[in-house]
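Colleague: I would like to see how this sequence folds:
(one chain, ligands or ions: 2)
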Amino acid sequence: MDTKLVRAFTKICTDGYNQGWHERNGGNLSYRMKDEEVEEIKDQLNEEAEWLEIGTSVPDLKNEYFMVTGSGKYMRNIQLDFEDNVAIIRVNEDGTKYKIVYGLINGGRPTSELPTHLMNLEVLKHRDPEMRVVYHAHPANTIALTFVLPVNGVVFTREIFEIMTECPVVFPQGIGVVEWMVPGGREIGVKTAKIMETQNVAVWYHHGMFAAGHDFDEAFGLMHTVEKAAEILVKVRSMSNIKINTIEPQGFRDIAEAFNVSIDEKYLFERKTYEIGEKPE
Ligand code: 13P
Ligand code: ZN
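Modeller: Ligands and ions are numbered 1, 2, ... in the order given. Predicted structure coming up:
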């Protein structure tokens, strides 16, 4: 299969691998297909495939088609053999089952994080019908921060916002966090989908990140921006536990005005500038 969608889906997998975010089979990707994209390949779909349990229910995604990476498949191999590593699935009439209508030609199942992907895509569809991509990766710096920052989305967001001026412009809604949990099931999906009701990025403690977007560029760009900021924060903390300069709350209010974005005041709490340690005076 060689469509514009297949090429775009493949590109983000390769780009993510090249960033070092996809060791072995780490990470996964899903995309809610447009009607015209399904129409384009309709004659290649096997609608006779068996129905399988999703493990959760996503009624507002009924009868829709999704392109998803396979469980245990390596992101770096998608460019070599799309049909072996990726599936197109269709959700059933009540949103509890799916069938593999294309791909995974050598067997296998969609990603083990399918419940999280579909629950997120459902919530995102409610927010904006054109939000179609959910991307999961294991970026090292973001994961490193989950060992030194409290399990608190407001604190996590403020630390990341402060470290790179573009952050509150790119994701003014901030970052949601999920405490360490066993991955791959409904429970972690419910927590992540709750975050996606209002935010586009969720950090799973000691595991990785989920980023959402209208398209692959947006989801990848969001993951990239958070991870870049995390890398800088790791460097700063590696040099010192004291910041002698930073962006102050009023600076964020000025950014919000200049870039016409809304930044929740909860992120702009007053604190000592040098908070990582104490103000040195
Ligand atoms: P899958 O290979 O099942 O997609 O799992 C990879 C992963 O990152 C789980 O969180
Ligand atoms: Zn993972």
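
Colleague: how about the residues of the chain by ligand 1?
Modeller: 25-28, 69, 71-72, 111-113, 136, 183 (C-beta under 6 Å from any ligand atom). In short, each C-beta sits where N, CA and C put it, glycine included.

Colleague: could you rerun that using 8 Å?
Modeller: When proximity is defined as C-beta under 8 Å from any ligand atom, the chain approaches ligand 1 at 25-28, 69-73, 111-113, 136-138, 183-184, 204, 207-208.

Colleague: which members of those are classed as buried?
Modeller: 25-28, 69-71, 73, 111-113, 136-138, 183-184, 204, 207-208 (16 or more other C-beta atoms under 10 Å).

Colleague: give me the nearest residue to Ala219, chain neighbours excluded.
Modeller: Leaving out its chain neighbours, the residue that sits closest to Ala219 by C-beta to C-beta, 6 or more residues apart in numbering is Gly213, at 3.5 Å.

Colleague: show me the contacts for the one you found.
Modeller: 131-133, 135, 200, 219-222 (C-beta atoms under 8 Å, 6 or more residues apart in numbering).

Colleague: make TSV out of those residues and add distance to Ala144, pLDDT and secondary structure.
Modeller: Converted to TSV, the contacts of Gly213 look like this (distance: C-beta to C-beta, whole Å; pLDDT from 0 to 100; DSSP: H, G, I helix; E, B strand; the rest coil):
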residue	distance to Ala144	pLDDT	secondary structure
Met131	29	98	coil
Arg132	30	98	coil
Val133	25	99	strand
Tyr135	20	99	strand
Asn200	22	98	coil
Ala219	22	99	helix
Phe220	20	99	helix
Gly221	21	98	helix
Leu222	19	98	helix
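
Colleague: narrow the residues you listed to just the buried residues.
Modeller: Buried among these (16+ other C-beta under 10 Å): 131-133, 135, 200, 219-220, 222.

Colleague: what's the closest of these to Leu5?
Modeller: Nearest to Leu5 among the buried ones among the contacts of Gly213: Arg132, at 10.2 Å, using C-beta to C-beta.

Colleague: need phi/psi at the nearest residue to the closest one once chain neighbours are set aside.
Modeller: Of all residues not flanking Arg132 in the chain, Arg32 sits nearest, at 4.5 Å (C-beta to C-beta, 6+ apart). Listed backbone geometry of Arg32 is phi -90, psi 110, with angles given as degrees, to the nearest 10.

Colleague: what about Arg32, neighbour count?
Modeller: 23 (other C-beta atoms under 10 Å).

Colleague: give the contact list for it.
Modeller: 61, 64-66, 121, 125, 132-133.

Colleague: show me where the stretch 101-250 of the chain has helices.
Modeller: 114-127, 140-145, 153-163, 167-170, 186-196, 216-239, 249-259 (DSSP state H, counting those that start in this stretch).

Colleague: if you count neighbours, what's buried in the last one?
Modeller: By neighbour count, and taking 16+ other C-beta under 10 Å as the criterion, the buried residues in helix 249-259 are 249, 252, 255-256.

Colleague: and which of those residues is nearest Glu48?
Modeller: When these are compared against Glu48 (criterion: C-beta to C-beta), the nearest one is Ala256, at 53.1 Å.

Colleague: can you name the residues that contact that closest one?
Modeller: Applying C-beta under 8 Å, 6+ apart, we find Ala256 in contact with 168, 172, 262-263.

Colleague: next, the residue lying closest to Glu37 once chain neighbours are set aside: secondary structure please.
Modeller: Computed as C-beta to C-beta, 6+ apart, the closest residue to Glu37 that is not its neighbour in sequence is Leu5, at 5.2 Å. Counting by DSSP: H, G, I helix; E, B strand; the rest coil, the backbone at Leu5 sits in helix.

Colleague: what's the pLDDT at Leu5?
Modeller: On pLDDT, Leu5 comes in at 98.

Colleague: contact partners for it?
Modeller: Contacts of Leu5 by C-beta under 8 Å, 6+ apart are 31, 33, 37, 67.

Colleague: from these, which single one is nearest Glu162?
Modeller: So of these, ranked by how close each gets to Glu162 (C-beta to C-beta), first place is Tyr31, at 32.8 Å.

Colleague: and the helix or strand that contains the closest one, what's its mean pLDDT?
Modeller: Take DSSP states H and E as the rule and Tyr31 turns out to sit in strand 28-32. For strand 28-32, mean pLDDT rounds to 99.

Colleague: and that strand, C-alpha only, in PDB?
Modeller: Provided in PDB are the C-alpha atoms of strand 28-32 (Å, rounded to 0.1, in the frame of the first residue of the first chain):
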ATOM      1  CA  ASN A  28       3.200   3.100  19.200                       C
ATOM      2  CA  LEU A  29       1.000   5.200  17.000                       C
ATOM      3  CA  SER A  30      -2.600   5.400  16.000                       C
ATOM      4  CA  TYR A  31      -4.500   7.500  13.500                       C
ATOM      5  CA  ARG A  32      -8.300   7.900  13.000                       C
END
